[in-house]
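Undergrad: Coordinates only, no sequence provided:
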């Protein structure tokens, strides 16, 4: 029975209820939790272990790498591998290499930030067990959901149900593993 | 508890999900689709028979093509900058304006990108700009501004598109969840990349959205500067000036703001979004356009002053541009982009849809005249008198300009039809924070 479940899910009316429920579940020793909300809730995300501060570092690092590669490529192609004398101007005309260097650094930043975000979030994917939950489509409108995953070491369907029932949720349901 | 979030989401989300959209939309789409067909025709002709179909010649090697390119880039930059700043400042205006400011930027960047490619003469070989290991064993010449354009436009279209798309993912998920027909739900679901509103996902998504917005800021100033530097790196007296990048960046921003105001007014009127794009939003947008127009006035004055202080040939070239054969374009451009927005000093004018539309169109047209004055009027006086020659566009070139306007409007009409024009999740977020 347990291995056929993705988890147990409770539905809340407002973000306050969800926040209290997350705190209670953590106090109770649950570690594998997920919450769903129609808009960003940074405090709950931090509670659930999100570390978005990594994203700006990814952006900075990829930007620097991209800019360095672009400058080095321009240098090697125009100075070393295929030098052309244009009216006696220096081959290494560094000011002319700057615009493309900066622009391509931005290109790397933008594309890498999105790709890294998708890798961290394990997206895109075509389906997910939570979509099978009744009423889950309102997670994108005005309802809030807390999910205790079956992979939690303390997970027991009956116990999780009872626990979530006691948190003042609208409803509690079991989410099957494959939809 | 009555769901406030639902009352805010429903009108925006229901618009793209409607199966019928009214005759006005279809009529507008059909009208502007004709212009897109014209664009296809003129692009095709320029492709097959080459740029000999255009009125360009020595010294007017750029003519309409670069005028239109610089003009569209201005719209793209102004509206992207506006969107990026709103995201970063978390300004309340962002929920109303952001989404379609980004859409305007993307559509304008696509229109802009067509011109340099077709100007190559052999547009199908544009990839020669990219350093790929060719069998000829030659590499692009990176000291040429032509290659800056390649990287600039490529980056501009991709990063503008990303900023828009990253912000759109959660709203696409909302449309997926509300769609009534399975095929519609499936299409929006694919586009939403399987977004499931996880709170953890939200926090990374917000960080990434802000990062892409931050990376837009340097990109925008660089993009217009690159266009301007392509002029400045030539030896033409009127163009060989360091003030040119500032002029292009600043006047381009006003133009972008004006187009955002124009589209905001039209969307509010066309989709009855008074609640989402409210009077305060229009008021603020009007003030931004007015401030931008004052900045343009300062730049025009500085331009005349600096050339008066310059060497004899620069002075003569600029005087020739302002008072010569093509001087009328300078004056009409300055009047439309600086004087018409002055009506926005009055609050009643700022709140009027008609005035917003008129000012938006006037400033856009004014900047086009300004670009034409620089591109064509700027080369009329050179060191060699024999180089002074007039320029007039051919029908094919005019068709390209009108055609890209058609493409721009069609892209925006499709956007207004199939995507949420206002950021729904940001509205829900603001609503929640206001209530807290």
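TA: Great, that's in hand. Nothing here was measured: the structure is a model prediction, and the numbers come from that model.

Undergrad: correct me, but residue B:106 touches residue B:161?
TA: Yes: counting by C-beta atoms under 8 Å, residue B:106 does reach residue B:161; the two are 5.5 Å apart. Every C-beta, even on glycine, is put in place using the N, C-alpha and C of the backbone.

Undergrad: So those two - more neighbours on which side?
TA: For residue B:106 versus residue B:161, the count of surrounding residues by other C-beta atoms under 10 Å in any protein chain shown is larger for residue B:106: 24 against 16.

Undergrad: Which element, helix or strand, includes the more buried one?
TA: If you go by DSSP states H and E, residue B:106 is part of helix B:93-119.

Undergrad: That helix and chain A, are they touching?
TA: No: on the criterion C-beta under 8 Å from any C-beta of the partner chain, helix B:93-119 is out of touch with chain A, staying 11.0 Å away.

Undergrad: Packing partners of that helix?
TA: Helix B:93-119 sits against helix B:23-49, helix B:63-89, helix B:145-178, helix B:243-270, helix B:279-309, helix B:395-418, helix B:424-435, with contacts defined as 3 or more C-beta pairs under 8 Å, 6 or more residues apart in numbering or on different chains; DSSP states H and E.

Undergrad: Show me which positions of it end up buried.
TA: B:93-119 (16 or more other C-beta atoms under 10 Å in any protein chain shown).

Undergrad: helix/strand/coil for residue A:173?
TA: Secondary structure, DSSP: H, G, I helix; E, B strand; the rest coil: residue A:173 is strand.

Undergrad: Does it touch residue A:9 like I think?
TA: Yes: shown here, residue A:173 and residue A:9 form a contact pair, counting by C-beta under 8 Å, at 5.5 Å.

Undergrad: between the two, who's got more neighbours?
TA: residue A:9 (26 against 18).

Undergrad: right, and the more buried one touches residue A:175 too?
TA: Yes: Residue A:9 lies in contact with residue A:175 (C-beta under 8 Å); the separation is 5.2 Å.

Undergrad: How far does the helix holding residue B:106 sit from its chain's centre?
TA: Counting by C-alpha atoms, centre = their mean, to the nearest Å, helix B:93-119 is centred 4 Å from the centre of its parent chain.

Undergrad: Spell out the residue ranges of the helices in chain A.
TA: In chain A, the helices defined using DSSP state H lie at A:15-27, A:42-47, A:54-75, A:94-121, A:157-165.

Undergrad: check contacts around residue 108.
TA: All of this refers to chain A. A:62, A:63, A:65, A:66, A:67 (C-beta atoms under 8 Å, 6 or more residues apart in numbering or on different chains).

Undergrad: looking at chain B here, not the other one
TA: B:72, B:73, B:75, B:76, B:79, B:259, B:408.

Undergrad: The last one is in contact with residue B:107, isn't it?
TA: If I follow you right, that is residue B:408. Yes: between residue B:408 and residue B:107 there is a contact under C-beta under 8 Å: 5.0 Å.

Undergrad: now for the lengthiest strand in chain A, which elements pack on it?
TA: Assignment by DSSP state E gives strand A:5-12 as the longest strand of chain A. Helices and strands touching strand A:5-12, by 3+ C-beta pairs under 8 Å, 6+ apart, are helix A:15-27, strand A:144-149, helix A:157-165, strand A:171-176.

Undergrad: What confidence value was assigned to residue B:2?
TA: With respect to pLDDT, residue B:2 scores 42.

Undergrad: do the same with the one 4 residues further on
TA: Reading off the confidence values, residue B:6 has pLDDT 62.

Undergrad: Could you measure from the residue in the stretch 301-436 of chain B that chain A sits nearest to over to residue B:90?
TA: Of all residues in the stretch 301-436 of chain B, the one sitting closest to chain A is residue B:429 (3.9 Å; C-beta to the nearest C-beta). Residue B:429 sits 10 Å away from residue B:90, going by C-beta to C-beta, to the nearest Å.

Undergrad: In this structure residue B:206 contacts residue A:50, no?
TA: No: using C-beta under 8 Å as the test, residue B:206 is too far from residue A:50 to be in contact (10.0 Å).

Undergrad: Let me know how buried residue 87 is, in neighbour terms.
TA: I'll assume chain A. Residue A:87, neighbours per other C-beta under 10 Å, totals 4.

Undergrad: Please refer instead to chain B.
TA: Count around residue B:87 with other C-beta under 10 Å applied: 24.

Undergrad: Could you find the closest non-adjacent residue to the residue in the stretch 251-400 of chain B positioned nearest to chain A?
TA: Proximity of the stretch 251-400 of chain B to chain A (C-beta to the nearest C-beta) peaks at residue B:276, 15.7 Å away. Nearest residue to residue B:276 in three dimensions, chain neighbours excluded: residue B:422, at 4.6 Å (C-beta to C-beta, 6 or more residues apart in numbering or on different chains).

Undergrad: circling back to that earlier point, adding neighbour count, distance to residue A:17 and pLDDT, write the contacts of residue B:108 out as a markdown table.
TA: Listed next are the contacts of residue B:108 as a markdown table, based on neighbours: other C-beta atoms under 10 Å in any protein chain shown; distance: C-beta to C-beta, whole Å; pLDDT from 0 to 100:
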| residue | neighbour count | distance to residue A:17 | pLDDT |
| --- | --- | --- | --- |
| B:72 | 27 | 49 | 95 |
| B:73 | 31 | 49 | 93 |
| B:75 | 27 | 46 | 92 |
| B:76 | 31 | 44 | 93 |
| B:79 | 31 | 40 | 88 |
| B:259 | 27 | 44 | 91 |
| B:408 | 22 | 46 | 96 |
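
Undergrad: how about stretch B:235-248 against chain A, any contact?
TA: No: legend: contact between stretch B:235-248 and chain A by C-beta under 8 Å from any C-beta is lacking; minimum distance shown is 10.8 Å.

Undergrad: Residues touching that stretch, excluding its own?
TA: B:59, B:70, B:74, B:224-225, B:227-229, B:231-232, B:234, B:299, B:302-303, B:306-307, B:310, B:313-314, B:316-318, B:320-321, B:374, B:377-379, B:381-383.

Undergrad: cool, stretch A:154-172 as well?
TA: With contact meaning C-beta under 8 Å, 6+ apart, stretch A:154-172 is reached by A:1-2, A:5, A:7-13, A:17, A:20-21, A:24-25, A:28-32, A:134-135, A:143, A:146, A:148-150, A:174.

Undergrad: can you do 7 Å?
TA: For stretch A:154-172, contacts defined as C-beta atoms under 7 Å, 6 or more residues apart in numbering or on different chains pick out A:1-2, A:5, A:8, A:10-13, A:17, A:21, A:24, A:28-30, A:148, A:174.

Undergrad: cool, and stretch B:113-126?
TA: B:43, B:46, B:47, B:50, B:51, B:65, B:68, B:69, B:149, B:153, B:157, B:404.

Undergrad: Closest one of the residues you listed to residue B:329?
TA: Set against residue B:329, the nearest of those by C-beta to C-beta is residue B:68 (14.1 Å).

Undergrad: Enumerate the positions of stretch B:231-248 that are buried.
TA: Buried residues in stretch B:231-248 (16+ other C-beta under 10 Å): B:231-232, B:234, B:236-239, B:241, B:244-248.

Undergrad: and the end-to-end length of it?
TA: 11 Å (C-alpha to C-alpha, to the nearest Å).

Undergrad: Can you give the distance of that stretch from its chain's centre?
TA: Per C-alpha atoms, centre = their mean, the centroid offset for stretch B:231-248 relative to its chain is 22 Å.

Undergrad: Kindly report the same for stretch B:56-69.
TA: 20 Å.

Undergrad: what stretches of the chain score poorly on pLDDT?
TA: Picked chain A for this. A:1-3, A:179 (pLDDT under 70).

Undergrad: I was after chain B.
TA: Residues of chain B that meet the cut-off, pLDDT under 70, sit at B:1-8, B:436.
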